[in-house]
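Novice: Fold the following for me, if possible:
(chains A and B)
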Amino acid sequence: MKISSMRYLVHQGFKGIWKNRMMSFASFCIMLVSLLMVGISVLLAININRIIGGIEDKSEVVVQIADNSTQQQIDDLKMKIGGLPNVNTIEFYSKEQAWESMVKDMSKEEQDLFQYADDNFLPDTFRVTVHDIQKMTETTTQIDTFENVASTRSPTEFTDTLISIRRILGIISGAIVVALIVVCLIIISNTTRASVFARRKEINIMKYVGAKNSFIRIPFFIEGMVVGLLAAAGALGLTKFAYEGVYSIFNNDFKLWSVLGVSNLYSFEDLFLYVTIAYAAAGALIGAIGTSFSTGKHLNV
Amino acid sequence: MVEFKDVSVTYSSGVDALNKINLKINDGDFAFVVGPSGAGKSTLIKLVLKEIDATSGEVIVNGFNLRKLRRGKVPALRRTIGVVFQDFRLIPTMTVYENVAFVLRVIDAPAKYIRSRVPYVINLVGLSDKSKSYPTELSGGEQQRVALARALVNDPKLIIADEPTGNIDPALSYEIVGLLKGINECGTTILMVTHEHELVRYFGGRIININSGSIAFDEVIGGTNENK
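Specialist: Numbering: from 1, shown residues only, chains lettered A, B, ... in the order given. Predicted structure coming up:
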């Protein structure tokens, strides 16, 4: 095909949007809403996953070091624990730090009472975080066997619950996203089919004058792609607006949520590139392929 | 050249539309196809355009054997044929100029050729001042003249006119057939399906009468206009 013909077909694609503006607008709206629904669902799922991940990261094994351990023994123990494959970080927490922290958390009366205590009964500890929370029990058992370990404490029940919640939420959000994608594809395909159906006579005439299928399809393809991209741009703007609104509410007004790891929410800047690419690719592909598929039905003349 | 050899068409409903038809229309001929509704005239046109396939027999159009012609090659066949329909079938979102130029764009004609050929053909059908108008802004007769220009622009070997005067004023009908006759004099084969016996009598020429799927009459008659 000549460049001039290609240019003509691309031009026809753009003209088609304006000439069939009502149907183009309907396709635009349907695609915009569909992209928004799927996009926001995915963002929600990603963030829930991250929040739970954040909570998991804060779960740690507390290793109480046996009393009267020498500095050498403590260093050796730290080396041993640090050498375990699942251990992420290991932090020494002295009995003095523990005492200070405990007193700080007390009420005024309790603090007054405790200032006369002259014996620090708290042990030295290691606080250990792990790479894979599902192996926390196994890691804790391994640490238990080391010398100079008085005891270990790990929130295994809590982490097990978190793992279950994460799995269930993963399945639910995955199912919702897949269902939304299917519903949106059906709606979009119906809209593009209606848009093409309205122009079936035009396609018919093109066939009678000897147009090849590709010649008829290209303007529809361009038209669908441009409408899809415009819908993607609209969806991106609305997503940004909605996301940043919700993000600022959680980040500024609900400081308490940070305890649960909500501070781990992705900012829109973190996701901007991915969201833009996903929206643009989905919009352009669904628009272009949907429209040219719908055209195919009317080409057998 | 259009040739039918023992062509029969039976639709899936069981209706026999054409029954062992033998017909030859030579290059440069002008033939009227007449006959009552349901006689098989439209089936004949559909066969020539390869809209449908013959149940049996062979159809040859402009050197293409339609029995052997694959789907992908149908555009090549149709580019040798200009078609004028009763309902004009112009693209409503395109101007007169664009409707006519479209045919040349389809065959990848050079832009320079399109710019010179299209106004020439539009001028031939007398619509130079309407080239920027949309089909909805034209009268029936004008729309049919655009359809004629579209059929002509590609310089086809054959023009099929399927009841081209069915939707226009009787007075304009003579004008349209007159234009077709003029085109025929330049060497283009014309196959015109019509119901209007007055027109046929007026212009004369080869008359093919189809009745109940068979050719009832295929003769050349003199036109009454020749006597005037």
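Novice: Chain B: strands as residue ranges?
Specialist: B:2-10, B:16-25, B:30-34, B:56-61, B:64-65, B:81-85, B:158-162, B:189-193, B:205-211, B:214-221 (DSSP state E).
Novice: center of the chain, which residue is that?
Specialist: All of this refers to chain A. residue A:46 (2.0 Å; C-alpha atoms, centre = their mean).
Novice: oops, I was thinking of chain B
Specialist: residue B:160 (1.4 Å).
Novice: where's the residue of the stretch 101-250 of chain A at minimum distance from chain B relative to residue A:284, distance?
Specialist: Proximity of the stretch 101-250 of chain A to chain B (C-beta to the nearest C-beta) peaks at residue A:210, 3.7 Å away. For the C-beta atoms, the positions are set from N, CA and C on the backbone; glycine is no exception. Using C-beta to C-beta, to the nearest Å, residue A:210 is found at 30 Å from residue A:284.
Novice: Could you do residue A:110 as well?
Specialist: Computed with C-beta to C-beta, the distance linking residue A:110 and residue A:284 is 65 Å.
Novice: between those two, who's got more neighbours?
Specialist: Counting neighbours by other C-beta atoms under 10 Å in any protein chain shown for residue A:110 and for residue A:284 shows that residue A:284 has the greater number, 18 against 12.
Novice: quick one: is whichever helix or strand that one is part of near chain B?
Specialist: Under the criterion of DSSP states H and E, residue A:284 resides in helix A:268-296. No. For helix A:268-296, no contact with chain B is found by C-beta under 8 Å from any C-beta of the partner chain; the gap never falls below 12.7 Å.
Novice: and that helix, how far from the chain's centre?
Specialist: Computed by C-alpha atoms, centre = their mean, to the nearest Å, the chain-centroid distance of helix A:268-296 equals 18 Å.
Novice: swap in stretch A:213-230?
Specialist: 31 Å.
Novice: before we move on, what about stretch A:127-136?
Specialist: With C-alpha atoms, centre = their mean, you get 22 Å for stretch A:127-136.
Novice: For that stretch, buried residues please.
Specialist: A:128, A:129, A:130, A:133, A:136 (16 or more other C-beta atoms under 10 Å in any protein chain shown).
Novice: Using PDB, write down the CA coordinates of the helix or strand hosting the second one.
Specialist: Of the helices and strands defined by DSSP H and E, residue A:129 is found in strand A:125-130. Output of strand A:125-130 as PDB, limited to C-alpha atoms (Å, rounded to 0.1, in the frame of the first residue of the first chain):
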ATOM      1  CA  THR A 125      16.900  -9.400  73.000                       C
ATOM      2  CA  PHE A 126      17.400  -9.700  69.300                       C
ATOM      3  CA  ARG A 127      14.500  -8.600  67.100                       C
ATOM      4  CA  VAL A 128      14.500 -10.600  63.900                       C
ATOM      5  CA  THR A 129      12.500 -10.000  60.800                       C
ATOM      6  CA  VAL A 130      12.200 -12.700  58.100                       C
END
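Novice: other SSEs contacting it?
Specialist: strand A:60-65, helix A:71-82, strand A:87-93, helix A:136-144 (3 or more C-beta pairs under 8 Å, 6 or more residues apart in numbering or on different chains; DSSP states H and E).
Novice: Quick one: mean pLDDT for that strand?
Specialist: Averaged over strand A:125-130, pLDDT sits at 89.
Novice: Neighbouring strands - and their directions - for it?
Specialist: strand A:60-65 (antiparallel), strand A:87-93 (antiparallel) (DSSP bridges).
Novice: from the middle of its chain, how far away would the helix or strand of chain A with the lowest mean pLDDT be?
Specialist: Least confident element among the helices and strands of chain A, by mean pLDDT, DSSP states H and E: helix A:108-114 (a mean of 76). Offset of helix A:108-114 from its chain centre (C-alpha atoms, centre = their mean): 46 Å.
Novice: just stretch A:208-227 next, same as before
Specialist: That offset, for stretch A:208-227, works out to 37 Å (C-alpha atoms, centre = their mean).
Novice: Excluding chain neighbours, what is closest to residue A:123?
Specialist: Spatially, and ignoring its direct neighbours in sequence, residue A:123 is nearest to residue A:64 (4.5 Å; C-beta to C-beta, 6 or more residues apart in numbering or on different chains).
Novice: now that neighbour, which residues is it bridged with?
Specialist: The partner residues for residue A:64, given DSSP bridges, come to residue A:125, residue A:151.
Novice: Can you pull the residues of chain B lying near chain A?
Specialist: B:49, B:51, B:75-79, B:81, B:83, B:89-93, B:102-103, B:105-108, B:110-111, B:150, B:154.
Novice: quick one: contacts for residue B:144?
Specialist: Going by C-beta atoms under 8 Å, 6 or more residues apart in numbering or on different chains, residue B:144 touches B:84, B:88, B:164, B:165, B:167, B:168, B:172, B:176.
Novice: Just the buried subset of these, please.
Specialist: Using 16+ other C-beta under 10 Å, the buried members of the contacts of residue B:144 are B:84, B:88, B:164, B:165, B:167, B:168, B:172, B:176.
Novice: what would those look like in JSON lines with distance to residue A:23 and pLDDT?
Specialist: Below are the buried ones among the contacts of residue B:144 laid out as JSON lines (distance: C-beta to C-beta, whole Å; pLDDT from 0 to 100):
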{"residue": "B:84", "distance to residue A:23": "29", "pLDDT": "92"}
{"residue": "B:88", "distance to residue A:23": "23", "pLDDT": "89"}
{"residue": "B:164", "distance to residue A:23": "31", "pLDDT": "90"}
{"residue": "B:165", "distance to residue A:23": "34", "pLDDT": "88"}
{"residue": "B:167", "distance to residue A:23": "27", "pLDDT": "81"}
{"residue": "B:168", "distance to residue A:23": "31", "pLDDT": "83"}
{"residue": "B:172", "distance to residue A:23": "35", "pLDDT": "84"}
{"residue": "B:176", "distance to residue A:23": "34", "pLDDT": "88"}
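Novice: Tell me which entries of those residues lie within helices.
Specialist: B:172, B:176 (DSSP state H).
Novice: If we only consider the buried ones among the contacts of residue B:144, which is nearest to residue B:63?
Specialist: Relative to residue B:63, the closest of the buried ones among the contacts of residue B:144 is residue B:84; by C-beta to C-beta it sits at 22.0 Å.
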